[in-house]
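Q: structure of the sequence below:
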Amino acid sequence: MEIGVESCESQKQNLAAEILQAAGKVTLAARGYSMLPALWPGDLLHIEAISFDRVRPGDIVLYRRWERFFIHRVLCKSNKAESDRPSLVTRGDSMTGFDAPVFPEELLGRVVSVQRTSGQFFPAPRCSKARRVLGLMLGASNRLRSVVLRWHSWRTRPMKDSVASTSPVRRGQSLGE
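A: Residues are numbered from 1 along each chain as shown. As a prediction, this is how the structure comes out:
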């Protein structure tokens with residue numbers, strides 16, 4: 001029996017959501033570019049479960065909608081007085097438009113720390129004005145985003161062994177001879 005890609009991805013998300021609910025934390029790899037330059041593809045995001053009441057503007061949250069995970073920044077929180085139900089207003093740092101309101105039942109957790117591919121750990125980044133401007137530039141220009149993503153990939157790629165033999169090894173000869 002063949003399992004489709006969508007089904008496999010949905011199963012992974014279900015498992016991650018169950019682990020987050022049961023253990024209170026999960027680690028996921030960032031994908032996509034909507035949160036550039038705060039989060040880069042391949043970053044490991046350490047996410048903790050959080051109640052809707054504890055979410056604050058500036059937090060980066062994980063929510064699930066349309067059988068997909070989204071990791072975006074909270075811009076503001078609406079209360080019941082402002083609308084018929086409480087919700088979050090979110091947006092990716094490199095996106096111009098706001099997401100549809102995020103309701104409490106869609107919220108899964110908050111990013112508490114990030115681990116870069118270099119191994120460096122740091123708390124979830126805040127969105128400064130400079131970071132927002134760079135994010136908008138990356139979101140608006142496919143060419144600039146492509147160049148920056150290639151540069152990031154080159155900069156963070158694992159270094160190959162730089163140990164080279166000082167004398168050539170002839171065919172049939174072992175290194176110990």
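Q: can we go C-alpha only for contacts and neighbour counts from here?
A: OK.
Q: just the CA trace of stretch 30-43, in CSV.
A: Written as CSV, here are the backbone C-alpha positions of stretch 30-43 (Å, rounded to 0.1, in the frame of the first residue of the first chain):
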residue,chain,number,x,y,z
ALA,A,30,11.8,25.5,10.2
ARG,A,31,10.7,25.4,6.6
GLY,A,32,9.8,28.1,4.2
TYR,A,33,10.8,31.8,4.3
SER,A,34,7.9,33.7,5.8
MET,A,35,9.9,34.4,9.0
LEU,A,36,13.1,35.5,7.4
PRO,A,37,15.4,36.9,8.7
ALA,A,38,14.4,35.8,12.3
LEU,A,39,14.1,32.1,11.4
TRP,A,40,16.0,30.4,8.6
PRO,A,41,15.1,27.1,6.9
GLY,A,42,16.8,24.3,8.8
ASP,A,43,16.7,26.1,12.2
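Q: contacts for that stretch, please.
A: Residues outside stretch 30-43 that contact it (C-alpha atoms under 8 Å, 6 or more residues apart in numbering): 29, 44-45, 71-72, 92-95, 114-117, 125-127, 131, 134-135, 138-139.
Q: which residues in this protein form strands?
A: Counting by DSSP state E, residue ranges of the strands within the chain are 25-29, 44-48, 60-65, 68-78, 87-91, 107-115, 121-123.
Q: switch these over to a markdown table; also include mean neighbour count and distance to Arg150.
A: A markdown table is the format used below for the strands of the chain (neighbours: other C-alpha atoms under 10 Å; distance: least, C-alpha to C-alpha, whole Å):
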| stretch | mean neighbour count | distance to Arg150 |
| --- | --- | --- |
| strand 25-29 | 17 | 18 |
| strand 44-48 | 21 | 19 |
| strand 60-65 | 21 | 25 |
| strand 68-78 | 19 | 22 |
| strand 87-91 | 22 | 24 |
| strand 107-115 | 23 | 19 |
| strand 121-123 | 13 | 22 |
